[in-house]
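Enquirer: Sharing a sequence plus its predicted fold:
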Amino acid sequence: MTADPSQSAVEPIMTVRGLSKWFDDFQALDDISLDVNRSEVLCLIGPSGSGKSTLLRCLNFLERYQAGEVRKEGRLIGWQEGSASPRKPLRPAALREQRRHIGMVFQQFNLWPHFTARQNVAEALIQVQRLGRDEAYSRAEAALDKVNLGDKANNYPSGLSGGQQQRVAIARAIAMEPDIMLFDEPTSALDPELVGEVLAVMKQMAAEGMTMVVVTHEMGFAAHVADRVGFLESGRLVTCRPPADIFGSEPSDPRLRSFLQTYRERNVV
Amino acid sequence: MKYDLFLRYGPALLRGFGVSLLCWIVGSLGGALLGFVIACLYRWSAWPVRWILQAYIEVIRGTPFMIQLFVLYYGGPYAGLVLSPIQSGIVSFVVYGSPYFAEIFRSGFEAIPKGQLEAARAIGIGEFAILRRIMLPQMMVLITAPLTNFVIILSKETAILSVVTVPELLYETQTMAAETFTFVEPFLALSLFYWLLVVVTAELGRRVETYAMRHLRRSASAT
Amino acid sequence: MDFSFDVILRNMPYLLAGARWTLVLSLTGISLSVVLGVFICAARISAKGLLRRAAAVYISAFRGIPLLVQLLLFYYLLPEIGLDLPALAAAILAIGMCSAAYVAEILRGALQSIPAGQTEAAEALGIPPVALWRRILVPQALRLGLPSLVNELILLVKVSSLASVVGIGELTRVAQNITGQTYRPLEIYLAAAAVYFVINFTLSQLGRMAERRLRLD
């Protein structure tokens, strides 16, 4: 949100190099390399099981990977710098320090049901940023205002719709003022009529210059909001280009072509 | 550690273990039987009977086993019921366990989808046959684990019988401790006996469970 | 048979005085066991193999040996190793430590029903483990486990009767003493049973009320 337009264009905030991950024998990610530029919205699309969520979860080290590296502003995420193979993970406190600058929004919202919306947002401000309760609460309310839920601060998650819960989860992440936000299929668990309100909030964040990586099945969002769209299949990043190149003309890559075709067939009204 | 103590008191401890086993097994079987009858009565009777059964369940579950034992053993004779320590131990075991068994059976009954019973009635199968051929085999899968669990709990309650001088394991152990002024050896032996009991029961429960689940295995043979 | 309500009425004050100690035993017992139980449960699901095994041994030992035996061990064995506890402290310790094994398993079951995503969300925000446990996991586990914890408390009211064996003047012991003087075991023990029942019935109603109030919708 503090984007400086003069340097925003091509400077990568996050770099992924040669990332590979195996679940036992199954290779989930195969030699992925990718840059995320500052203030960019990067959407990741692909069939289910293609590894897009796994890739996203590697970016803040919720998943450990066996080969390659993820760097944010030059700092290696999750692993100790320069440690030999097998690499040593960072000490928990150092990993937490890195994660507090990377916001994440989950498919299932993952709100804490025993806290109100305000408490959900304030919790990390109190526990991680060590703010006093009053300050944390007023910042939480400001974040809830941003997602148009200022009037629901006292509601428990069970008293909110899915779309509202997801917006609280977004407020929880942005209240930490992260440098980059990761979205893991943020609208997949929502009823169709609630998808719009969540996408609107995300669009607003994009307009304000937040760097966002979004795993999504919402092709409309990818086509209209993304700066670039990455297509994954079978753990490989097949292509990563501006949306016009992906959705505009008939794509040259047969896998992307068949994925988009399936998608269009399913969404014919 | 004085190993010769084990030799000297071994037979007494074994006898005590036997008495514990007797009270436990007979008490468990009787309790399960009474519990099953209560669960069946509860399922197939009108509200006055249900109300009485529910009160029985609540009262027995709301009072300590030791008090129930005392009422029976010390109070019994004043109501014309004179029982030996072992007899009163077994009877109070049956009474004490029955509501817990009844609840386990009841939860098993409730787990069978109503549609299955309606299907059976629709083709004219009698109520008793439904119970025996359709409900019980399926219930077994669900209730074996809680049954095993509760039977293991009961095995430990046998220790309480020592208080009314039933010559069971703890009683013999205390006798040994008092006569030899030792403590570690008798209680070590006691712990071993109980551990053995728990391990064997748990294993038996697992086997029954596997047997009861045989129709759920994907490649079940016809036998 | 001549059942005498008069004996019951005359001795009720003594029984109720004993019931006070029954409550002291079970309430301090459950407090101890919840505190201990949280730590044993944390060890039981910790990533460190040694802690996990130690917790498993604790749980199976305290659940595998009859409580009456544990009580006698605490009462007779601790003095032998130089720890001369008053009978009441030994009884509370035995009841609390035994119950902690069950509480740890209750909490473990409750924790398992908390979606893993909640922990992931906390990790993604950089919330440290102590705060995760103190603020997010334990409060929810206690809430989810409340029905089982009330059952455990009711169980403790009942097993506290075992403390009579080491001479604590709780309800059962008082009943024994009165019986020794009046030779009216049937009346007195039935009266004691009634007092236990009233305590437990009240507790289960209170538990139900608390459960309703803590529901989050």
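Expert: Noted; the coordinates are in hand. Residues are numbered from 1 along each chain as shown, chains lettered A, B, ... in the order given.
Enquirer: so what's residue B:49 up against?
Expert: Neighbour list for residue B:49: B:41, B:42 [criterion: Cβ atoms under 8 Å, 6 or more residues apart in numbering or on different chains]. Every C-beta, even on glycine, is put in place using the N, C-alpha and C of the backbone.
Enquirer: how near is it to chain C?
Expert: According to Cβ to the nearest Cβ, to the nearest Å, residue B:49 stands 21 Å off from chain C.
Enquirer: can you give me phi and psi for that residue?
Expert: Reported as degrees, to the nearest 10, the phi and psi values for residue B:49 are phi -60, psi -40.
Enquirer: does the longest helix anywhere in chain B come close to chain C?
Expert: In chain B, assigned by DSSP state H, the helix with the most residues is helix B:3-43. No: judged by Cβ under 8 Å from any Cβ of the partner chain, helix B:3-43 makes no contact with chain C; its nearest approach is 10.0 Å.
Enquirer: In terms of secondary structure, what does that helix contact?
Expert: Packing partners of helix B:3-43 (3 or more Cβ pairs under 8 Å, 6 or more residues apart in numbering or on different chains; DSSP states H and E): helix B:47-61, helix B:85-111, helix B:136-157, helix B:169-180, helix B:184-212.
Enquirer: for chain C, which spans come out with low pLDDT?
Expert: The model of chain C has pLDDT under 70 over residues C:1, C:215-217.
Enquirer: Contact residues of it facing chain A?
Expert: Contact residues (Cβ under 8 Å from any Cβ) of chain C with chain A: C:115, C:117-118, C:120-129, C:131, C:135-136, C:139-140, C:143, C:216-217.
Enquirer: What's the PyMOL syntax to select whichever of those are buried?
Expert: Selection of the buried residues among these in PyMOL, burial being defined by 16 or more other Cβ atoms under 10 Å in any protein chain shown:
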select buried, chain C and resi 118+120+121+122+123+124+125+126+127+131+135+136+140+143
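Enquirer: Show the average pLDDT along the longest helix of chain B.
Expert: Mean pLDDT, computed over helix B:3-43, is 88.
Enquirer: what angle do it and helix B:85-111 make?
Expert: 50 degrees (axes from the mean of the first three to the mean of the last three Cα atoms, to 10 degrees).
Enquirer: so which helix or strand takes in the residue nearest to residue A:150 when sequence neighbours are not counted?
Expert: Closest residue to residue A:150 apart from its sequence neighbours, by Cβ to Cβ, 6 or more residues apart in numbering or on different chains: residue A:144 at 5.3 Å. Here residue A:144 is covered by helix A:133-146, with elements defined by DSSP states H and E.
Enquirer: got the buried residues for that helix?
Expert: A:136, A:137, A:139, A:140, A:141, A:143, A:144, A:146.
Enquirer: any chance of those residues in CSV, with distance to residue A:171 and pLDDT too?
Expert: Output for the buried residues of helix A:133-146, formatted as CSV (distance: Cβ to Cβ, whole Å; pLDDT from 0 to 100):
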residue, distance to residue A:171, pLDDT
A:136, 13, 94
A:137, 13, 95
A:139, 10, 95
A:140, 7, 95
A:141, 9, 95
A:143, 4, 95
A:144, 5, 95
A:146, 7, 93
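Enquirer: Helix, strand or coil: sort out the closest residue to residue B:171 other than its chain neighbours for me.
Expert: Spatial nearest neighbour of residue B:171, chain neighbours left out: residue B:162 (3.9 Å); criterion: Cβ to Cβ, 6+ apart. Following DSSP: H, G, I helix; E, B strand; the rest coil, residue B:162 is assigned to helix.
Enquirer: Surely residue B:162 and residue B:170 touch.
Expert: Yes: contact criterion Cβ atoms under 8 Å: residue B:162 and residue B:170 qualify, at 4.2 Å.
Enquirer: what sits in contact with each of those two?
Expert: residue C:68.
Enquirer: tell me which parts of chain B are close to chain C?
Expert: So far as Cβ under 8 Å from any Cβ goes, chain B lies against chain C at B:58-59, B:61-68, B:70-71, B:74-76, B:78-80, B:156-160, B:162-163, B:170, B:174, B:177, B:183-184, B:187, B:190-191, B:194-195, B:198.
Enquirer: if we go to 6 Å?
Expert: Neighbours of chain C within chain B, by Cβ under 6 Å from any Cβ of the partner chain: B:59, B:62-64, B:66-67, B:70-71, B:74-75, B:78-79, B:156, B:159-160, B:191, B:194-195, B:198.
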